[in-house]
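K.L.:
missing the sequence, but the structure's below:
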C-alpha cells in the first residue's frame, strides 16, 4: 500500500494533471481573497521541493481547510493549486506528523516521498523511530531503506486492536467486543470529532459516543463501552400459607358440643373458644387445651369436640 502511495506522490510532484489558476476568487468573501491568493502562491512554490518546503505546503493547505467557507476548500485545492484531493490529504498528513516530530529532526531527509512514506497510517511506529534515530546520528536512510525496513517490520504479527485497547485502558474482556467496530482516522479528523482547534495532547480521548486511541500518526476510533443497566432483582418468592389443619373426626370418649355449650361447661366465653380453635389460634396443631380439657375443631359450623 505504501509503495503505491509513493508512486502516486512522485507522479503528482513531477506532472500535476490539474491546471491551477482556474479558481474564481469572487466565490470567497472579500476579506479572505488576498489571504487565499497568498496561500495559493505558497502551495505552488513549495510543491516538489525539499522536505521543509513540502511541510510548508501541507501547513498552508491545512490553514485553507480550516479557514475557507464550507464547500470551497476542495475546489480551491483543485482549481487554484492544481492539486488532487488525495495528494492534498497526503501533504496535510505529512505536515501534521512532521510538526509533531519537530521538523528540525527531519532536515536530513532530502527525499520528500520518504516523508509521505513515514507519515502514512500503515507505517509501523518502530520504523519511524528507526528513521529518527538514523537522522539524529547524521545517517538518514534512503527511501529504499525505509521501504525495506517497513517490509521487515510488517513481517512480525501486529497487536490486534483488542490487545491495544486492553493494554492501554486495562478494560474487561467483554468490553473488547467494541473492537470489532473500528475505524482508523487522522489527527485532523480527531480534532473535528472533538471540536478542537489545536492538536490534542495525550494518547487517549473520548466524547459521548466514541473512544480515540493513539496509533502511530493516526487514531483508532471505537464505540464507547455501553454502560450496562443493573440487573432487575427477582422478587422474593411468596411463602405458601401453612395448610389449615383438617378438623378432627369425633371418636369414642369425645363429645360433640356447640361452642356456646362448651363455653358454659368450661366457664369461658364462646368467643375465646372460637379464637383458640381458629387456624391462627391452633398454629398448626390439631387441638387446644382450656382449663385442662382438650378441645378440637369440628367440621360442623359452630361446634367443637371435647375430649372425655
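P.N.:
In hand now; what should we look at? On a predicted model such as this, the values are computed, not experimentally measured, just so you know.
K.L.:
just the helices in the stretch 1-150 of the chain please.
P.N.:
Assigned helices in the stretch 1-150 of the chain, in chain order: 2-14, 30-46, 51-67, 73-75, 85-100, 112-119, 125-136, 143-154 (criterion: DSSP state H, counting those that start in this stretch).
K.L.:
return the most buried member of these.
P.N.:
helix 112-119 (a mean of 25; mean count of other Cβ atoms under 10 Å). To be clear about C-beta, it is placed using only N, CA and C from the backbone, and glycine gets the same treatment.
K.L.:
returning to what we had before: who wins for proximity to residue 196 among the helices of the stretch 1-150 of the chain?
P.N.:
With Cβ to Cβ as the measure, helix 51-67 is the member of the helices of the stretch 1-150 of the chain nearest residue 196 (11.3 Å).
K.L.:
quick revisit: how about the helices of the stretch 1-150 of the chain in a markdown table, adding distance to residue 306 and mean pLDDT?
P.N.:
Written out in a markdown table, the entries for the helices of the stretch 1-150 of the chain read as follows (distance: least, Cβ to Cβ, whole Å; pLDDT from 0 to 100):
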| stretch | distance to residue 306 | mean pLDDT |
| --- | --- | --- |
| helix 2-14 | 106 | 35 |
| helix 30-46 | 112 | 74 |
| helix 51-67 | 103 | 85 |
| helix 73-75 | 106 | 91 |
| helix 85-100 | 102 | 85 |
| helix 112-119 | 105 | 83 |
| helix 125-136 | 98 | 85 |
| helix 143-154 | 101 | 86 |
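K.L.:
list the contacts for residue 115?
P.N.:
Residue 115 makes contact with 51, 54-55, 94, 98, 106, 109, according to Cβ atoms under 8 Å, 6 or more residues apart in numbering.
K.L.:
go again with 10 Å.
P.N.:
Applying Cβ atoms under 10 Å, 6 or more residues apart in numbering, one finds that residue 115 lies in contact with 9, 50-52, 54-55, 58, 90-91, 93-95, 97-98, 103, 106, 109, 131, 143.
K.L.:
just residue 63 next, same as before
P.N.:
For residue 63, the contact set (Cβ under 10 Å, 6+ apart) comprises 35-36, 39, 42, 92.
K.L.:
so which of those comes closest to residue 210?
P.N.:
Out of the contacts of residue 63, the one with the shortest distance to residue 210 is residue 92. That distance is 22.0 Å, counting by Cβ to Cβ.
K.L.:
surely that closest one touches residue 56?
P.N.:
No - proximity of residue 92 to residue 56 does not meet the contact threshold set by Cβ atoms under 10 Å, at 11.9 Å.
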